[in-house]
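S.K.: turn this into a model:
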Amino acid sequence: MRFVTISKEPADPSRHDSGDFNYEVISENPVPGSPGRGNTFGLLPGQYFVHEIGESGGTVTKPTPEVSVVYEVTYSEGCSGTISAVETKACTVTNTAIEP
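M.R.: Coordinates of the predicted model:
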């Protein structure tokens, strides 16, 4: 089994921190019973991609006490592709607030 480790980079931690965003790893060869430990997800060799839950069209909206904030979501190169039997991948998901 190989692993992808995800790090989260909220661009405006004064509004939301990394715990406010959730993601999933989708794989053509999922590992049964291995949803992940913390930010590390087990994978079998094959195609995979990381997806932020709630993302639509490259953005995700998060409420604050004052107003909902729309974030642009970007993914590093390690967030999708093919993983072999000898690799570990690193993925960074970045959220940048889109100011109205």
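S.K.: please make it C-alpha for all contacts and neighbour counts, starting now.
M.R.: Fine.
S.K.: list the strands paired with the helix or strand encompassing V69, with their directions.
M.R.: Counting by DSSP states H and E, the element that carries V69 is strand 68-75. Using DSSP bridges, strand 68-75 pairs in its sheet with strand 59-63 (antiparallel), strand 88-97 (antiparallel).
S.K.: out of these, deepest packed?
M.R.: strand 88-97 (a mean of 19; mean count of other C-alpha atoms under 10 Å).
S.K.: between the two ends of stretch 28-45, how far is it?
M.R.: 9 Å (C-alpha to C-alpha, to the nearest Å).
S.K.: same check on stretch 69-87?
M.R.: OK, stretch 69-87 end separation, C-alpha to C-alpha: 36 Å.
S.K.: D17: which of the strands paired with strand 68-75 is closest?
M.R.: Proximity to D17, assessed across the strands paired with strand 68-75 by C-alpha to C-alpha, is greatest for strand 88-97 (10.0 Å).
S.K.: give the rounded mean pLDDT of the host helix or strand of G42.
M.R.: Here G42, judged by DSSP H and E, is contained in strand 40-43. Averaged over strand 40-43, pLDDT sits at 84.
S.K.: then stretch 27-36?
M.R.: Mean per-residue pLDDT for stretch 27-36: 65.
S.K.: going forward can the numbers begin at 41, since that is how I track them
M.R.: Fine by me, first position is 41 from now on; the one you just mentioned is stretch 67-76.
S.K.: now the helix or strand of the chain with the lowest mean pLDDT: buried residues?
M.R.: When each helix and strand of the chain is scored by mean pLDDT, DSSP states H and E, strand 42-50 comes last, with a mean of 78. Across strand 42-50, burial judged by 16 or more other C-alpha atoms under 10 Å covers 42-46, 48-50.
S.K.: now, which of those residues sits nearest N135?
M.R.: Closest to N135, out of all of those and judged by C-alpha to C-alpha, is P50, at 4.8 Å.
S.K.: which elements pack onto the very next helix or strand once past the strand holding V109?
M.R.: Proceeding N to C from strand 108-115, the next assigned helix or strand is strand 120-123, under DSSP H and E. If you count contacts as 3 or more C-alpha pairs under 8 Å, 6 or more residues apart in numbering; DSSP states H and E, strand 120-123 packs onto strand 86-92.
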